[in-house]
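using only what follows, build the 3D model:
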Amino acid sequence: MSPWTSAVGAPQLARLLQSQHTREATALSGGRRLPAYRALADGVRLLVLEGRVPVAARLPAERELAAALKVSRTTVATAYEALRGEGFLESRRGAGSWTAVPAGRPLPGRGLDPLPPEATGSVIDLGCAALPAPEPWLTRAVSGALEELPPYAHTHGDYPAGLPALRQAIADRYTARGVPTMPEQIMVTTGGMGAVAATCRLFVRPGERVAVESPSYANVLQLMREAGVRLVPVAMADRLAGWDLPAWRQTLRDAAPRMAYVIADFHNPTGALADDEQRRELVDAARSAGTVLIADETMSELRLDGTGDDAAPRPVSAFDPSGSTVVTVGSASKSFWAGLRIGWVRAAPDVVRSLVAARAYVDLGTPVLEQLAVTWLLNTGGWDEAVTLRRGQARENRDAVVAAVRRHLPDWEFTVPRGGLTLWTRTGGLSGSRIAEAGERLGVRVPSGPRFGVDGAFEGFVRLPFTVSGAVAEQAATRLAAAARLVATGAAAEADLPRTYVA
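Residues are numbered from 1 along each chain as shown. Model (predicted):
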């Protein structure tokens, strides 16, 4: 097995290096004019740390890169040697050179764990992208579920595939979206994470490869790490441009991953939205490679701008009419409420049967009362009204967070997403890990970029969810600005915080 999981061609790497912001290059050099080899080494290092070039990606040969950059081969060779010395490059005779991160560098060790509500106190907790329940719809749904409960109470209560009424309601919703679906294609799970975990157990063995967006959802990355799979990151395009389809085609062809996990609808954390053509090409590439494509639709209904039905791309599964390639994951957690632990899988009937059979050894089924509540919402129109309420709340929060960050942190860079619940923010050349650590001391809790990457990428980012508004959003930005000042001036304790990634 090769030591690298993907490859970056010389023209592609040259474009990435040339696209780096002038301000970032200045930060890397400290305002000094650097030797050509040092500027090249620092540029590659920054691309790795930001996740724009994946870890374990094979770099082009020295001669090829020198030609693409119009520099001497000696310049490239010296840059590669500097990167090896710093731990950002590894090489092996006959296998080439591939990107790495230093052994001592702090790496993400867990997913996102929100503080318990009773433990928050004066801390503004921005660790979790989830909103309070949209009342009065939660109360109405639970009341409706209690009215429907008595017949189910006379049974054993175990429904491994989910309640028939809920499977039918979810299938009908897919059919209404233009993807004809039978109840036999639906399995109800305990949340979206339960759905992802079930598909991973079915399709991937420890040691096998899974392609993931870079960055991607932190909790799913951690789930896969603990399952023992080998993650193959594919860099997202910058500025919400979404999916780099040539990179995806090359990764699927070269790494031949057993499975790929994507969030095509208001991607978490970047907020990007894949258009129809990107979805079609991604499905075609996965089908050609024999890769099972897991499409996470958890955020699909949270369109905050241009929310008419004609503005929504088709579901990823719409481009897989045979049902042989795409497995869809959905959830009520983001669209309705995270406390209602209902998710689902949409797949070919034989895949659903396999998932249901395997469930006997895991959790047997999803709680009946919660399933009845979601069934009530879908069948009465309450779901659509609750989602409309949710969109308005998220839109108000997004606008407040964006305005507050622009006022207090003008050096931070981001593109405002048209939907979802997250803002992916570049932190002005400072370490996101250091800012997160300092912020927690100052009473604001945010996840740093490396949680959303593979092997230490995205040090220069933090994720801000759309969960606060008004004075709370203003206070959160004020505290983050204070944390950034501590990091920038070196006032944060060096012994306690990882270093900034700029030289």
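
just to be sure, residue 330 is in a strand?
Yes - assignment of residue 330 by DSSP: H, G, I helix; E, B strand; the rest coil places it within a strand.

ok, now which ones touch it?
170, 192, 195, 297, 298, 300, 343, 344, 345, 346 (CB atoms under 8 Å, 6 or more residues apart in numbering). For the C-beta atoms, the positions are set from N, CA and C on the backbone; glycine is no exception.

state the distance from the third one to residue 83.
Read that as residue 195. 40 Å (CB to CB, to the nearest Å).

and the two? Which one has more around it.
Neighbours per residue, other CB atoms under 10 Å: of residue 195 and residue 83, the larger number sits with residue 195, 28 against 24.

need phi/psi at that one.
The phi/psi pair for residue 195 (degrees, to the nearest 10) reads phi -70, psi -40.

going forward, begin numbering at 16 instead of 1
With 16 as the first residue, the last one maps to residue 210.

nearest to residue 403 among the contacts of residue 345?
Relative to residue 403, the closest of those is residue 315; by CB to CB it sits at 14.7 Å.

how many neighbouring residues does the nearest residue to that closest one once chain neighbours are set aside have?
Closest residue to residue 315 apart from its sequence neighbours, by CB to CB, 6 or more residues apart in numbering: residue 280 at 3.8 Å. Residue 280: 25 surrounding residues under other CB under 10 Å.

confirm residue 280 sits in a strand?
No - using three-state DSSP, the secondary structure at residue 280 is coil, not a strand.

show me what contacts it?
Counted by CB under 8 Å, 6+ apart, residue 280 has contacts 288, 289, 311, 312, 313, 314, 315, 328, 434, 435.

6 Å instead, please
312, 314, 315 (CB atoms under 6 Å, 6 or more residues apart in numbering).

export these to TSV and tack on pLDDT, distance to residue 484 and secondary structure?
As requested, those are exported to TSV (pLDDT from 0 to 100; distance: CB to CB, whole Å; DSSP: H, G, I helix; E, B strand; the rest coil):
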residue	pLDDT	distance to residue 484	secondary structure
312	97	26	coil
314	96	19	coil
315	95	23	coil
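
neighbour-wise, which one of those leads?
Busiest of the contacts of residue 280 [other CB under 10 Å] is residue 314, holding 27 neighbours.

in this structure it contacts residue 281, no?
Yes - judged on CB atoms under 6 Å, residue 314 makes contact with residue 281 at a distance of 4.0 Å.

joint contacts of these two?
With CB under 6 Å, 6+ apart, residue 314 and residue 281 have common neighbours residue 435.

would you reformat the contacts of residue 280 as a markdown table and include distance to residue 159?
Compiled in a markdown table, the contacts of residue 280 are given as follows (distance: CB to CB, whole Å):
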| residue | distance to residue 159 |
| --- | --- |
| 312 | 25 |
| 314 | 26 |
| 315 | 24 |
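
pLDDT below threshold where in the protein?
Residue ranges of the chain with pLDDT under 70: 16-17, 34-48, 65, 119-136, 254-256, 322-326, 471, 506-518.

can you pull the buried residues of the helix ranked longest in it?
Scanning the chain for the helix with the most residues, using DSSP state H, yields helix 397-423. Of all the residues in helix 397-423, those buried under the rule 16 or more other CB atoms under 10 Å are 397-398, 401-402, 405-406, 408-410, 412-413, 415-417, 419-420, 423.

just confirm residue 447 contacts residue 478, I think it does.
No - with contact defined as CB under 6 Å, residue 447 does not reach residue 478; the gap is 8.8 Å.

ok, back up a step: which ones among the contacts of residue 345 map onto helices?
Going by DSSP H, the helices hold 185, 207, 210 from the contacts of residue 345.

what residues are up against the second one?
Under the criterion of CB under 6 Å, 6+ apart, the contact partners of residue 207 comprise 313, 344, 346, 348, 358.

next one: the last one
Taking CB under 6 Å, 6+ apart as the contact definition, residue 210 lies against 204, 344, 358, 360.

of these, which is the nearest to residue 503?
residue 344 (40.0 Å).

how close does the residue lying closest to residue 472 once chain neighbours are set aside sit to residue 301?
Excluding its sequence neighbours, the residue lying closest to residue 472 (CB to CB, 6+ apart) is residue 66, at 3.5 Å. Using CB to CB, we find residue 66 at a distance of 21 Å from residue 301.

also residue 480?
For residue 480, the distance to residue 301 - CB to CB - is 29 Å.

repeat that for residue 153.
37 Å.

just want to know which of these two has more residues nearby.
Taking neighbours as other CB under 10 Å, residue 153 and residue 301 compare with residue 301 leading, 27 against 19.

ok, which stretches of the stretch 316-465 of the chain are helices?
364-374, 383-395, 397-423, 447-456 (DSSP state H, counting those that start in this stretch).

nearest to residue 488, out of those helices?
helix 397-423 (4.1 Å).

tell me which other helices or strands the closest one touches.
Helix 397-423 sits against helix 485-504, with contacts defined as 3 or more CB pairs under 6 Å, 6 or more residues apart in numbering; DSSP states H and E.

where is the longest strand in this structure?
Criterion DSSP state E: the longest strand present in the chain is strand 245-252.

and it, what does it pack against?
strand 224-229, helix 260-270.

parallel or antiparallel, list what pairs with the helix or strand just after the last one.
Just to be clear, that refers to helix 260-270. Counting by DSSP states H and E, the next helix or strand C-terminal to helix 260-270 is strand 274-277. Each strand paired with strand 274-277, and its direction, by DSSP bridges: strand 224-229 (parallel), strand 307-311 (parallel).

distance to residue 102 and mean neighbour count for those - can I get that in CSV?
What follows is the strands paired with strand 274-277, written out as CSV (distance: least, CB to CB, whole Å; neighbours: other CB atoms under 10 Å):
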stretch, distance to residue 102, mean neighbour count
strand 224-229, 19, 25
strand 307-311, 32, 26
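
okay, the ones you listed in JSON lines with distance to residue 352 next?
Below are the strands paired with strand 274-277 laid out as JSON lines (distance: least, CB to CB, whole Å):
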{"stretch": "strand 224-229", "distance to residue 352": "26"}
{"stretch": "strand 307-311", "distance to residue 352": "18"}
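
between those strands, which one is nearest to residue 441?
strand 224-229 (15.1 Å).

can you list the neighbours in contact with that closest one?
Against strand 224-229 from outside (CB under 6 Å, 6+ apart): 66, 69, 219, 239, 244-251, 266, 270, 272, 274-277, 468.

element containing residue 163?
helix 152-168.

mind listing the strands for the stretch 66-215 of the chain?
Per DSSP state E, counting those that start in this stretch, the stretch 66-215 of the chain carries strands over the ranges 72-73, 104-107, 111-114, 139-140, 201-204.

which other helices and strands does the third one contact?
Under the contact criterion of 3+ CB pairs under 6 Å, 6+ apart, strand 111-114 touches strand 72-73, strand 104-107.

recalculate using a threshold of 10 Å.
Packing partners of strand 111-114 (3 or more CB pairs under 10 Å, 6 or more residues apart in numbering; DSSP states H and E): strand 21-22, helix 51-64, strand 72-73, helix 88-101, strand 104-107.

can you say which of those is nearest to residue 174?
That would be, of the helices and strands packed on strand 111-114 and by CB to CB, strand 21-22, which comes in at 41.3 Å.
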